[in-house]
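> Quick one: sequence and predicted model below, then my questions.
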Amino acid sequence: NAGVTQTPKFQVLKTGQSMTLQCAQDMNHNSMYWYRQDPGMGLRLIYYSASEGTTDKGEVPNGYNVSRLNKREFSLRLESAAPSQTSVYFCASRRDVGTGELFFGEGSRLTVL
Amino acid sequence: QKEVEQNSGPLSVPEGAIASLNCTYSDRGSQSFFWYRQYSGKSPELIMFIYSNGDKEDGRFTAQLNKASQYVSLLIRDSQPSDSATYLCAVMITGGGNKLTFGTGTQLKVEL
């Protein structure tokens, strides 16, 4: 059972370049999330999707766009990368019943030069 | 005011002692509360969740929730060096579209 899979795991970009972080889950969860984590800042919510076809802004959405392609996949796009977007990005999906816990991917470390 | 606040630490406790981690939240509509553990370079993993006022125990871990005072805490009994990690408090607001907000985390160091 793969759980939540993120790609790529590492990426180096130059300022102004664009890229898409891919995320897929195989647990049939409705809700999916993108967080970024910076030293001393905890996890900050970028965008989330409560169900297929819906997306909502989180705390720090500026400079990002998302697509909920289908129930399994939720991608995060940086249209014009900036050094301030250097971070570790985590995708997560949420168990719909029971605990409601989040299951996280392994993270994607992005460096913008 | 941040939605979820934690002391960043580090909190240092000797092996075998009780570690007490605290979290406060600002939105009284908060309904679900979670504690995640994150080892350096790894993804967060769920330790405890609590929905009702009072205590919830699971092995060496106890979560405590006080909605009137808007705080949630995590107690770790008989702390082990393997408990050394960052502990993240997370809060979900009822009707918030399943939005889960995290605190900045508290770094715990268990010393031999």
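Structure received. Numbering: from 1, shown residues only, chains lettered A, B, ... in the order given.
> switch to C-alpha atoms for all contacts and neighbour counts from now on
OK.
> Show me what from chain B comes close to chain A.
Residues of chain B that fall close to chain A, judged by Cα under 8 Å from any Cα of the partner chain: B:8, B:34, B:42-46, B:49, B:88, B:97-105.
> and with 7 Å instead?
B:42, B:43, B:44, B:46, B:49, B:97, B:98, B:101, B:102, B:103, B:104, B:105 (Cα under 7 Å from any Cα of the partner chain).
> any idea where the strands of chain A begin and end?
Ranges of strands in chain A, per DSSP state E, are A:4-7, A:10-13, A:19-25, A:31-38, A:42-49, A:56-57, A:64-68, A:74-78, A:87-94, A:102-104, A:108-112.
> Indicate which one of those is closest to chain B.
strand A:42-49 (3.7 Å; Cα to the nearest Cα).
> for that closest one, packing partners?
strand A:31-38, strand A:56-57, strand B:100-102 (3 or more Cα pairs under 7 Å, 6 or more residues apart in numbering or on different chains; DSSP states H and E).
> Identify the residue nearest the geometric centre of chain A.
When Cα atoms, centre = their mean is applied to chain A, the residue found nearest the centroid is residue A:34 (2.9 Å).
> if I pick that one, what's in contact with it?
A:45, A:46, A:47, A:48, A:90, A:91, A:92 (Cα atoms under 7 Å, 6 or more residues apart in numbering or on different chains).
> who wins for neighbours among these?
When neighbours are taken as other Cα atoms under 10 Å in any protein chain shown, the top entry among those is residue A:91 (32 neighbours).
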